[in-house]
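Q: quick one, structure for this:
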Amino acid sequence: MEAFINAMRVYGQRLVDVGRARKEERGAVDIGSILLMAIGFVFIAVGFIMFPIVTTATDSLLAYAFTDNAAITDATFTGFTAVVGITPLLVLVAYLSAAVFAMFLGVKMSKGGGSTKLDLGAMLMLGIALIFIAIALIILPVALDGIATVLHGAGAGINSAYTGLSPILLVTPLLILISFISAAVISGFFGIRRIASGG
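A: The predicted structure follows:
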């Protein structure tokens with residue numbers, strides 16, 4: 001009889017503990033999930049704010065002509081025109097995808113699938129993603145002028161002693177643009193992933 005009473009006492013205590021746990025869970029708010037959903041909205045807003053800036057910058061790149069020799073244009077550089085032409089679409093799709101991904105992770109975290117810890121490193125990675133795109137648009141006209149200057153060679157062209165330099169110079173603007181876009185996508189992805197995983 002005493003064993004039965006003890007068992008009932010333990011069972012009753014467990015019911016009380018479960019009731020307390022449920023009562024505490026009702027008012028809980030997951031800050032991490034709200035933060036991620038807010039970041040999703042920020043990505044949409046920033047995407048549409050940056051889109052006109054990106055299209056203006058790419059318009060100027062597509063209209064590029066070297067001051068000392070108008071024959072050197074954006075089409076002179078290997079594959080550059082095609083990638084510049086698709087850059088605004090890539091930027092817009094990247095921001096919209098990041099927004100959807102962030103909101104999805106926010107909903108997942110609100111259901112108990114993540115951490116509520118605010119990670120400053122993850123926020124910095126998201127900011128760096130925006131900086132990479134901005135730097136690419138700032139540095140490309142400067143790079144084009146520098147490369148065109150070498151290609152022009154004060155009217156004489158590249159010195160024939162520089163073996164294989166011309167093909168590398170012609171593909172360099174494309175490599176610079178792809179590098180910055182890739183860096184922006186990768187840093188943004190890992191920033192969101194790091195927030196979702198809690199570090």
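Q: now for Leu177, how many residues are close by?
A: Leu177 sits with 23 neighbouring residues when counted by other C-beta atoms under 10 Å. In this view, the C-beta of every residue, glycine as well, is placed from N, C-alpha and C.
Q: what helix or strand is it located in?
A: helix 165-197 (DSSP states H and E).
Q: helices or strands up against that helix?
A: helix 31-62, helix 80-108, helix 120-152 (3 or more C-beta pairs under 8 Å, 6 or more residues apart in numbering; DSSP states H and E).
Q: run the last query once more with 7 Å
A: Helix 165-197 makes packing contacts with helix 80-108, helix 120-152 when contacts are defined by 3 or more C-beta pairs under 7 Å, 6 or more residues apart in numbering; DSSP states H and E.
Q: low-confidence ranges in this protein?
A: Low-confidence segments of the chain, defined by pLDDT under 70: 1-30, 112-119, 195-199.
Q: check the secondary structure at Ala70 for me.
A: Counting by DSSP: H, G, I helix; E, B strand; the rest coil, the backbone at Ala70 sits in coil.
Q: show the backbone phi and psi for it.
A: Geometry field for Ala70 lists phi and psi as phi -70, psi -10, criterion degrees, to the nearest 10.
Q: could you report the neighbour count for it?
A: For Ala70, the count of nearby residues is 8 (other C-beta under 10 Å).
Q: tell me how far it lies from Gly146.
A: In this view, Ala70 and Gly146 are 17 Å apart by C-beta to C-beta, to the nearest Å.
Q: now render the helices and strands packed on helix 165-197 as JSON lines, adding distance to Ala38 and mean neighbour count.
A: Formatted as JSON lines, those follow (distance: least, C-beta to C-beta, whole Å; neighbours: other C-beta atoms under 10 Å):
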{"stretch": "helix 80-108", "distance to Ala38": "8", "mean neighbour count": "18"}
{"stretch": "helix 120-152", "distance to Ala38": "12", "mean neighbour count": "17"}
